[in-house]
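1. using only what follows, build the 3D model:
(one chain, ligands or ions: 1)
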Amino acid sequence: MSIDATPSCILVTGGTGFIGSHTVVVLLEQGHEVVIVDDLSNSSEKVLDRIDQIVGEEAAERLTFVRADVADREALDAIFDEFDIDAVIHFAGYKAVGESVQKPIEYYSNNIGNTLVLVDAMRDHGCKSIIFSSSATVYGDPDELPLTESSPKKPATNPYGWTKWMIEEILGSLVVADPEWNVVLLRYFNPIGAHPSGLMGEDPKGIPNNLLPYVAQVAVGRRDAVHVFGNDYDTPDGTGVRDYIHVMDLAEGHAAALSWMMGRNGCEVFNLGTGNGTSVLQIIEAFSTACGHDLPYVIEPRRAGDVTANWADCTKAREQLGWKAKFNIADMCRDSWNWQSHNPNGYEA
Ligand code: UD1
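-> Next up, the predicted model:
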């Protein structure tokens, strides 16, 4: 265990979710006190036992779990009254692109509404430091690659994307109104992988929308074949290219942003990616190597709203946060397979 940041008390919304849970592990290992607020609407309480197993008894004592919706103002007030929260990492939100098209009211109301309740509670309790889970989706279909933080934001193609887009603007407005606010917007590229222990990983409910959990479920025999959405893109093998990043690298990125932001004010944006693009077919091949057998796939038409390719320029995070992704695609597929093969049904027994 390394303590490389001044220990603080961090409120993590959505801390039992995929990225949240891995970040909580890193924060506890760095000596921080962590309060998770999560309503478990898209995650399992078993994550908490897994976090305890990974970090050990002493660190686990620094973790508190509050089962509540972030929109529950009374629950938030009770947390801020009881704990001296130094900063908030805000993961909680709905995240299924297709579902957001069907349920725009729910997505706008939940993602944006929750954020407004949260920052209002923060302001009332004098806590003005927040890290927000944004997404490369705010860049839309890029004119130029790699994407830097000054690449233009483009119109989103779905309500989920708009919520990320608008919450960035909302948090930016807080800083304009009150320079004491300290906002970090982290634009994630495509988070995959799992904790190397195999105890924690991604566990989507229902049919996975994202590529990696789908591939992992094919590997474990839960689904027949990977559906490749389009092989006629202008990319080397015709399939879509993304910047996949190991969830542990992403978790470390949050910890780095946290130590960097302490004592500062303003609003800063950072890309969190690896800087490398990988195609759908390359992912299937890498996962086949990780699991030891060829994975069947079928070519399907393009999926509406998908971009051809994107990958990040991560110079800013490296220079300012001192953070750089360490894991490659083989590592990501190995850890994802380790998780999936030991937990074929995710957190459910
Ligand atoms: C998606 C969201 C993005 C969100 C991110 C969260 C869309 C359009 N974008 O990113 O807003 O921030 O998830 O993780 O949904 N693919 C297949 N077969 C599959 C699934 C995906 O071929 O079964 C392909 C896609 O066409 C794409 C690549 O795999 O080329 C990655 O897709 P996915 O994992 O869904 O991520 P994004 O679409 O990049």
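2. read off the pLDDT value for the closest residue to the ligand within the stretch 151-300 of the chain.
-> Across the stretch 151-300 of the chain, the shortest distance to the ligand (CB to the nearest ligand atom) belongs to Gly240, at 2.3 Å. All C-beta atoms are positioned from the backbone trio N, CA, C, and that covers glycine. We have a pLDDT of 98 for Gly240.
3. which residues are in contact with it?
-> For Gly240, the contact set (CB atoms under 8 Å, 6 or more residues apart in numbering) comprises 229-230, 233, 279-280, 306-309.
4. mind doing that once more with 6 Å?
-> Counting by CB atoms under 6 Å, 6 or more residues apart in numbering, Gly240 touches 233, 280, 306.
5. which elements pack onto the helix or strand of the chain with the lowest mean pLDDT?
-> Sorting the helices and strands of the chain by mean pLDDT, DSSP states H and E puts helix 97-102 at the bottom, at a mean of 94. For helix 97-102, the elements it packs on are helix 159-177, judged by 3 or more CB pairs under 6 Å, 6 or more residues apart in numbering; DSSP states H and E.
6. determine whether any part of the helix it packs on lies close to the ligand.
-> Yes: contact of helix 159-177 with the ligand (CB under 6 Å from any ligand atom) involves Gly161.
7. C-terminal to that helix, what's the next element?
-> Remark: after helix 159-177, the chain's next helix or strand is strand 182-188, criterion DSSP states H and E.
8. which one of the contacts of Gly240 is nearest Asn328?
-> The shortest approach to Asn328 among those belongs to Val280, at 17.1 Å (CB to CB).
9. show me which residues of the stretch 51-200 of the chain sit near the ligand.
-> So the stretch 51-200 of the chain meets the ligand at 97, 135, 137, 161, 190 (CB under 6 Å from any ligand atom).
10. and the residues you listed, which two are the farthest apart?
-> By the measure CB to CB, Gly161 and Asn190 form the most distant pair in those, at 14.2 Å.
11. in the least confident helix or strand of the chain, what's buried?
-> 97, 99-100 (16 or more other CB atoms under 10 Å).
12. give me the residues contacting it.
-> Contacts of helix 97-102 with the rest of the structure, by CB under 6 Å, 6+ apart, involve 107, 158-160.
13. and the helix or strand just after it, how far out from the chain's middle?
-> With elements assigned by DSSP H and E, the helix or strand that comes after helix 97-102 is helix 104-107. Its chain's C-alpha centre lies 20 Å from the corresponding centre of helix 104-107 when counted by CA atoms, centre = their mean, to the nearest Å.
14. any weak-confidence spans in the protein?
-> Within the chain, the segments meeting pLDDT under 70 span 1-5.
15. now the helices for it?
-> 18-29, 46-55, 57-60, 73-82, 97-102, 104-107, 113-124, 159-177, 211-219, 247-261, 280-291, 315-316, 329-342 (DSSP state H).
16. so which of the ones you listed is the most surrounded?
-> Burial of those is given as mean neighbour count (mean count of other CB atoms under 10 Å); helix 18-29 ranks first at a mean of 25.
17. how far out from the middle of the chain is that one?
-> 11 Å.
18. with stretch 303-311 instead?
-> 18 Å.
19. how long is that stretch from one end to the other?
-> 19 Å (CA to CA, to the nearest Å).
20. please apply the same query to stretch 264-284.
-> End-to-end for stretch 264-284, by CA to CA: 43 Å.
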